[in-house]
Each structure stands twice: as C-alpha cells, then as structure tokens.
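>>> My questions are about this predicted structure, shown below with the sequence.
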Amino acid sequence: MDPVWLLLLLPAAAASGWFAANRGSGFGRKRNASQLPSAYFRGLNFLINEQPDKAIELFLKVLEVDTETVEMHLAVGNLFRRRGEIERATRIHQNLVARPNLDKHQRAQALYELGQDYFKAGLFDRAEQLFAELADNSEYEQQARKYLLQIFDQEKEWDSAIAVANTLAQKFNEDTSTVSAQYCCELAEVAITEGRYDQAQQHVAAALKADRDCVRATIQAGRLHALHGDHKKAVMAWRTIENQNHAYVGEVVDLISNSYRALDDLEGLQDFLRLALQKHRDVKLMLALTETMDSRSGGDKAERFLVDWLRRYPTLHGLYRLIQLKLRHTKGPAKTDLKLLEGMIGGIVGKESSYECKQCGFTGLSLHWQCPGCKGWNTSAPKQALSIVPPLSELPKTDSILDKPVEKIS
C-alpha cells in the first residue's frame with residue numbers, strides 16, 4: 001500500500017479511538033470534542049492536497065500518547081523508517097518507550113520498533129541492548145535473536161554469533177548450519193593467521209560438524225595438514241571437495257599441485273588431474289594439467305594437449321596459455337604478432353569476472369565466502385570460463401591424453 005494512502009487511514013483510526021475513549025466512563029482526561037476531530041480533518045486536507053509532511057506533523061502534534069493512540073504512533077514511526085527518515089522514527093519510538101503508562105505488550109512493541117530504528121541507523125550497540133532485552137520476551141524472542149545474529153555478523157563477533165545461531169536452530173528449528181559453519185571458519189582463519197593451529201583445527205571440526213559439506217572448512221583442514229608438513233593428508237582432504245561440491249575442485253587445484261610437488265610426485269599429480277578432467281570440464285584443472293605436462297615432458301606435449309582441448313572446449317583462458325607456449329619457440333615477425341595477441345587476450349582474461357553470487361548476482365574476480373553485495377554466506381560460486389566459439393564437433397578427432405584410462409589414486 002502506498003504510504004500516503006496509509007496515512008489516510010490514520011484520521012479514521014484516531015477518530016475511532018477518540019470515540020471509544022469518550023464512551024468509556026472515567027477513562028483518562030476529557031478531550032475537547034470540537035478540537036480533536038477538526039485537527040484530523042485539517043490533516044486529511046493536507047493529504048488530499050499532496051502535502052503528506054504537513055499532515056504527519058499535524059497528526060503528531062495532536063496525538064496524545066495513551067493506550068488509545070500507541071498503535072497510531074507506531075504506524076507513523078514505521079512510515080518514517082520506511083521512507084528513510086530514521087531520526088524522526090527514532091524520536092517517536094523513544095517518546096513511546098519513555099511513557100510510564102504503557103502496558104507490558106505495548107512497551108515490548110515500542111522497544112522492538114526502536115531497536116529496528118537503531119539497527120537501520122547503524123547504531124548497533126544501542127540496537128543490541130534492546131534486542132538482548134527482548135530476547136527474554138517470548139513474543140519477540142525469535143525476531144530479536146535474528147537481529148542479534150545480524151549485528152554480531154556485521155560486528156564480526158563470531159563466538160556470539162555462533163551462540164545465537166545455535167539457539168535459533170535448537171529453539172525455533174531454524175536452519176543456521178551454513179552460517180554457523182562459516183562463523184567457525186572465520187575463527188579458524190584468525191587462529192591460522194596467528195599460528196594457533198590446534199585451536200584452528202577445533203574450529204574446522206566444529207564447522208564440519210555444523211555443515212559437513214562446508215567446502216571452506218575442508219580447504220582449511222588441508223591447509224593445516226600442509227602447514228604441519230603432512231602433504232599426503234592435505235591432498236586427501238582437498239580431494240574430498242569433489243564430493244562436497246565439485247564446482248570448487250578448481251579452487252584447490254593450486255594447493256593440490258603444490259603438495260604433490262612437495263611430495264616430488266609429478267606423476268601422481270598428472271594422474272589426479274587427468275582423472276579429474278575426465279569428470280569435470282574445469283578450465284583451472286586443464287591449465288594445471290598443461291603446466292604439469294610442461295614440467296614433466298616439455299612444451300611440445302603440453303602444447304599438443306592444449307590444442308586438443310581447445311578443439312573440444314575453446315576458451316579464452318586456454319587460448320591465452322597456448323599463445324604463451326608458442327611464444328617460447330617463435331621468432332621474427334610471428335613473435336611480434338603473438339605478443340600483440342597475448343596482450344589483447346590477457347587484458348580480456350584479466351578483467352573477466354570469475355565468480356557470481358547466486359542470490360543477488362554480484363560478480364567479482366575473487367571468491368568471497370560472504371557476498372559483498374547481499375551479505376549472504378556461501379552464495380558465490382565459480383563461473384564457467386568464457387567460450388570464444390561453440391564446440392568444434394565437426395573437426396576430426398585426435399588422440400587425447402584424457403581418453404586414456406586412469407586408475408584411481410589411493
């Protein structure tokens with residue numbers, strides 16, 4: 001409903017309250033029968049003449065805070081907040097909270113509205129105090145705890161956020177598994193940065209207990225193994241991501257490659273990448289396999305593999321890497337032309353957004369576990385690399401390294 005038309009209902013509501021109050025015997029003090037209705041009719045005239053601000057000011061002046069007019073004060077305050085006039089909404093709700101004649105329900109309602117004003121204004125300390133008080137009120141407990149969760153989230157108070165999330169899950173059956181796991185991961189990240197690896201491991205375990213498919217926690221688990229020098233366990237941890245969410249396998253390919261290299265096992269790395277590419281057409285896996293083949297067998301074999309891949313799945317990333325390989329043994333004018341192409345395509349690849357939030361559509365070059373746009377947790381996912389042309393299915397088939405069977409690595 002349009003806020004202006006909402007205001008049209010206020011005079012009728014006020015008059016109804018006024019008549020009800022005057023029918024009661026001995027309630028409150030007597031109002032002037034000719035003064036109050038005329039003020040509301042003047043406010044109605046302002047609304048008809050498209051002067052809602054003047055109408056609101058008039059209504060506020062004549063509204064007396066008692067049990068008959070609390071709802072109208074709340075309605076006007078809410079209207080101000082929806083219009084972005086947080087200061088005016090706050091003044092109205094503060095005035096209500098300060099009144100001694102409110103009953104328990106009305107006071108809780110006014111505190112809840114005032115807490116929303118503070119939250120909207122970014123006054124999280126004040127909002128937290130009010131919502132913490134309302135958390136003991138059965139009528140507003142669930143809503144209050146939801147706001148507290150948002151406040152602790154924005155203030156990065158992860159322990160408090162975990163406690164609230166657990167309460168919402170246990171008491172109100174809300175699914176907070178994803179955010180709880182991410183809060184544990186945030187604590188783990190701090191612990192890893194500060195070198196407190198044992199505590200980090202505990203936070204990672206808590207994250208996986210909250211959400212067994214938490215890719216971020218599995219990445220951290222592998223990192224902790226690698227930091228302790230156990231690269232075999234690190235690889236085993238990272239490879240389980242395929243079962244959690246295969247879209248993120250490419251996100252750990254560099255970590256896996258580093259650990260295989262630390263183990264001096266390029267053959268094992270190449271087998272892993274071949275097996276992964278048989279199941280997932282991920283450009284990052286393809287580029288990692290190209291690098292591994294280049295290290296083991298030289299540029300010619302890597303180049304042939306890359307050309308074969310581009311025949312099947314042409315992408316700018318693959319073309320860019322092929323140009324780089326070609327440049328190593330190209331001379332004369334052809335090398336100048338290739339350098340030009342390398343610069344042009346490299347500029348496009350460098351600006352291509354690689355991640356997209358499935359909740360709000362925010363795109364970026366880096367993976368954010370909390371979307372900068374909508375603040376949702378675990379909503380961003382890798383995008384498919386940009387194809388330059390449709391698959392070239394009409395070209396003759398060539399023998400491919402990917403067509404060779406690979407035994408699963410234990």
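Now that the structure is in, tell me what you want to look at. Numbering: from 1, shown residues only.

>>> so Ala237 touches Gln220, yeah?
No: counting by CB atoms under 8 Å, Gln220 is not a contact partner of Ala237; they are 9.1 Å apart. The C-beta positions use only the backbone N, C-alpha and C, and glycine is treated the same way.

>>> tell me which element the nearest residue to Ile256 once chain neighbours are set aside falls in.
Nearest residue to Ile256 in three dimensions, chain neighbours excluded: Trp238, at 5.3 Å (CB to CB, 6 or more residues apart in numbering). When elements are assigned from DSSP states H and E, Trp238 belongs to helix 231-239.

>>> how many other residues sit next to the residue nearest to Ile256?
By other CB atoms under 10 Å, the residues close to Trp238 number 25.

>>> again, but for Trp377
Counted with other CB under 10 Å, Trp377 comes out at 21.

>>> ok, it to Ala247 distance?
Between Trp377 and Ala247 the computed distance is 16 Å (CB to CB, to the nearest Å).

>>> Same question for Gly298.
Distance from Gly298 to Ala247, by CB to CB: 32 Å.

>>> again with Ala276
From Ala276 over to Ala247 the distance is 13 Å, taken as CB to CB.

>>> Ok, Arg91 next?
Distance of Arg91 to Ala247, computed by CB to CB: 50 Å.

>>> picking up where we left off before, and Gly298 and Ala247? which has more neighbours close in?
Higher neighbour count among Gly298 and Ala247: Ala247, with 16 against 10, using other CB under 10 Å.

>>> Under a three-state scheme, what state does that one occupy?
Classification of Ala247 using DSSP: H, G, I helix; E, B strand; the rest coil returns helix.

>>> so it touches Ala381, yeah?
Yes: the pair Ala247 / Ala381 is scored as a contact, 5.5 Å apart, by CB under 8 Å.

>>> who touches Tyr197 in this structure?
With CB atoms under 8 Å, 6 or more residues apart in numbering as the criterion, the residues that contact Tyr197 are Ala191, Leu224, Leu227, His228.

>>> Now which of these would you call buried?
Applying 16 or more other CB atoms under 10 Å to the contacts of Tyr197, the neighbour count classes Ala191, Leu224 as buried.

>>> Same list (the contacts of Tyr197) but as CSV, adding secondary structure and distance to Ile151.
Compiled in CSV, those are given as follows (DSSP: H, G, I helix; E, B strand; the rest coil; distance: CB to CB, whole Å):
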residue, secondary structure, distance to Ile151
Ala191, helix, 23
Leu224, helix, 30
Leu227, helix, 33
His228, coil, 36
